[in-house]
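Asks: just to be clear, the model below is a prediction. Sequence and coordinates:
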Amino acid sequence: MAKPVIHIYTDGAARGNPGPGGFGIVLKAGPHRKEYAEGYRHTTNNRMELKAVITGLEMLKTRNVPVVIYSDSKYVVDAIDKGWVFDWAKKRFKGKKNPDLWLAFLKLYSQFQIKMVWVKGHADNPENNRCDELAVAASLGKKQLVDTYYESQQKDDLFS
């Protein structure tokens with residue numbers, strides 16, 4: 001019997017880039033659907049795009065299943081589909097941004113059968129549009145988490 005395919009729709013947002021940010025996720029498996037979002041006080045759009053993918057995978061209780069991830073982020077989709085992230089990892093992410101998140105993604109990547117699908121943002125994909133709404137709302141929310149790695153890197157940059 002074929003394993004059911006899980007669909008994860010993701011989007012990230014940052015106001016000011018960097019600035020307050022958030023991400024939104026819609027998980028779909030058969031008749032089941034779940035929405036999730038988180039907001040951060042200071043981050044970037046690319047970090048939120050990638051954090052959405054990671055969090056979506058972390059939310060799955062079953063491993064080694066087919067997962068289709070939909071994202072409007074060329075940064076995320078191309079890094080995975082074109083194999084850039086694997087080359088970056090071999091070079092220990094030297095000169096690359098977001099190594100903390102890419103390492104977290106790579107730990108999850110081997111646990112699933114992942115297919116990436118790029119979708120045009122703010123277009124005719126209702127699930128991507130819903131993710132955008134969730135991401136923007138999370139970026140505006142009162143309960144903001146701390147993107148510890150990013151904020152610590154910014155402090156380091158101030159003194160280097």
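Replies: Structure's in. What do you need?
Asks: tell me where the model's unsure across the chain.
Replies: By pLDDT under 70, the low-scoring segments of the chain are 1-2, 155-160.
Asks: is residue 139 in a helix, a strand, or coil?
Replies: With DSSP: H, G, I helix; E, B strand; the rest coil as the basis, residue 139 sits in helix.
Asks: ok, now how distant is it from residue 54?
Replies: Residue 139 sits 17 Å away from residue 54, going by C-beta to C-beta, to the nearest Å. Yep, even glycine has a C-beta here, placed from its N, CA and C like the rest.
Asks: cool, residue 140 as well?
Replies: 22 Å.
Asks: which one of those two is surrounded by more residues?
Replies: Counting neighbours by other C-beta atoms under 10 Å for residue 140 and for residue 54 shows that residue 54 has the greater number, 20 against 13.
Asks: does the more buried one really touch residue 106, like I thought?
Replies: No: Residue 54 is beyond contact range of residue 106, at 10.0 Å (criterion: C-beta atoms under 8 Å).
Asks: residue ranges of the strands in the protein, please?
Replies: 6-14, 19-29, 32-43, 66-71, 113-118 (DSSP state E).
Asks: these: which one's closest to residue 77?
Replies: Of all the strands of the chain, it is strand 113-118 that lies closest to residue 77, at 4.4 Å by C-beta to C-beta.
Asks: great, nothing more from me.
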